[in-house]
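From the sequence below, what's the structure:
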Amino acid sequence: MTADPQQPADIVLSPRLDFAAAADLQGALEPLAATADGRLLIDGQAVETVSTACLQVLMAADRSLSRRGCQLGLTHPSATLRGALIELGLEAELARWEVRP
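Next up is the predicted model:
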């Protein structure tokens, strides 16, 4: 996805996206995805720990946005976040979500 990666994010992911954080992440993303106008920008630079459950929440937000003709944009994904997506075979999603100048 091409865009201005300096554009302010709608949400900044916390450093710890473990299993316990999945429900809070879902609670934060659902209303944003439901009201996004075109694109929901997520800043992933602080992520140090990520669980499969939190990646599933991101996938669900992406599906919700897609149904409305909107996009999920991921700015500055940390090496940890990028690695987790790749390890789970989600390279295509990473490529589609990542905001590049």
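
just the helices in this structure please.
Applying DSSP state H to the chain gives helices spanning 22-35, 52-67, 79-87, 91-97.

Looking at the nearest residue to residue 21 once chain neighbours are set aside now. What's its pLDDT?
When the adjacent residues along the chain are set aside, residue 21 lies closest to residue 54, with 6.1 Å between them (C-beta to C-beta, 6 or more residues apart in numbering). For glycine as for every other residue, the C-beta is placed from the backbone atoms N, C-alpha and C. Residue-level confidence at residue 54 comes out at 98, pLDDT.

was I right about residue 54 contacting residue 23?
No - between residue 54 and residue 23 no contact is recorded; they are 9.9 Å apart, counting by C-beta atoms under 8 Å.

Those two - which one has more neighbours?
Shown here are residue 54 and residue 23; by other C-beta atoms under 10 Å, residue 54 has more neighbours (26 against 12).

follow-up on the earlier one: take the helices of the chain and write them to JSON lines, including distance to residue 73.
Converted to JSON lines, the helices of the chain look like this (distance: least, C-beta to C-beta, whole Å):
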{"stretch": "helix 22-35", "distance to residue 73": "12"}
{"stretch": "helix 52-67", "distance to residue 73": "10"}
{"stretch": "helix 79-87", "distance to residue 73": "14"}
{"stretch": "helix 91-97", "distance to residue 73": "6"}
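
I'd like to know which of those is closest to residue 44.
Proximity to residue 44, assessed across the helices of the chain by C-beta to C-beta, is greatest for helix 79-87 (4.6 Å).

now the closest one, how far from the chain's geometric center?
Once both centres are worked out by C-alpha atoms, centre = their mean, to the nearest Å, helix 79-87 turns out to sit 12 Å from its chain's centre.

quick one: average pLDDT of stretch 19-36?
Per-residue scores along stretch 19-36 average to 95.
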